[in-house]
Every structure is written in C-alpha cells, then in structure tokens.
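# pasting the sequence and the predicted coordinates here, then a few questions.
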Amino acid sequence: MTKKHYAFRETGKDHNVNVKIGLKGRATPLSLNSGPRFVSLQWTDLGENSSIALIIKYQDLAKASFDNRVKNYLSQIDEKGFFWYDGKKIEKNGAVIAPKWSFNLKSGDPIYIQPFAIYRLSPGPFRFFKRKLKISTLRDSDCFSYLMKFLYGLSYE
C-alpha cells in the first residue's frame, strides 16, 4: 500500500491517488490518477505500483517547482505585508482573516492538524458550540508548511 503524507508525516494508506496540478494559462488543473486497482498474474497489486509511481513523480515536480511557488507568496508579503492562501488573508503579524472569522497564528492558542488542513477552534465555553476555523492545505502544502515555519516559527514536528 502507498502512504499518504502531509508535511512529511504519515496520515494513512490508500491506493487511489489523484494529483491535480495547476498550470499557467489553463483554466482547470491537470488531473493525474493512479489507475485501476486489481491483482495481476504475478499477484502484484498494480494499483499500489501505479500509486507509488505517481507519488514519486509528484514529489519530483513539487521539489523542482518549490522555489518558484514559494517566491510568489514571499513577494506578496514583501509588497503588501500579507499573502493570500485558501481564500484567506494571512498577514505578516500572524493574523488570519477570512470572510466570517479571524484569528492570529501567534496568539498561543492551539492549532490542530488534519490531513490537508489546519484549524483552530472558535472561542467559547462549550466544546460542542465551537466551530473549526479552517485553512485547507490541499494546494501548495509544502509552501504553506515552509511559510508557517519561516514566518511564525510553527512546524508540524
């Protein structure tokens, strides 16, 4: 089975891998799938082999394009004092501003990690009244992890 990773930590196992890559000049992202899962005549799982190959190719592309992708976020910070990520404005001082909520990454409040998302629970006395103030990290998760550590000293280790 192939392993899914978020910020280089194992989060589960799966054979159905779908990678979407955004390309300049293309309205919709390029979508790559690992292919069907079935057992071959040699009793090897082609779904697993296909998934492993796709993950390796994705990691190669992500590594090769990292500098250019992270440069876009850093130039936004230098020019404006904030960057946009997942439709949220993230300021250099740690403020995260969404249309219906805001919080500060430097406030010391717990920040929770899920696969492909980080969140903070809204303030309130009762846990079941709290809602998740969530940032999806499906896009450029490696850049987001780098920025969190570089700007705010936050890491997932």
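Noted; the coordinates are in hand. The structure displayed is predicted, hence computed values, not measured ones.

# would you mind measuring the gap between the ends of stretch 122-134?
10 Å (C-alpha to C-alpha, to the nearest Å).

# so for it, mean pLDDT?
Averaged across stretch 122-134, the pLDDT comes to 72.

# can you check stretch 79-94 too?
Taken as a whole, stretch 79-94 has an average pLDDT of 95.

# and the helices in this protein?
Using DSSP state H, the helices of the chain run over residues 46-80, 141-152.

# contacts only, for Ile135.
When contacts are counted by C-beta atoms under 8 Å, 6 or more residues apart in numbering, Ile135 touches Tyr85, Asp86, Lys88, Val96, Ala117, Ile118, Tyr119, Phe144. For every residue, glycine as well, the C-beta is placed using N, CA and C.

# what residues are bridge-paired with it?
When bridges are assigned using DSSP bridges, the partners listed for Ile135 are Ile118.

# repeat for Val19
Under the criterion used (DSSP bridges), Val19 bridges to Leu32.

# gap between it and Tyr85?
19 Å (C-beta to C-beta, to the nearest Å).

# which one of those two has more residues nearby?
Tyr85 (19 against 16; other C-beta atoms under 10 Å).

# which ones are touching the residue nearest to that one when sequence neighbours are not counted?
The shortest distance from Tyr85 to any residue other than its chain neighbours is 6.3 Å, reached at Phe144 (C-beta to C-beta, 6 or more residues apart in numbering). Phe144 makes contacts with Tyr85, Ile135, Thr137, as judged by C-beta under 8 Å, 6+ apart.
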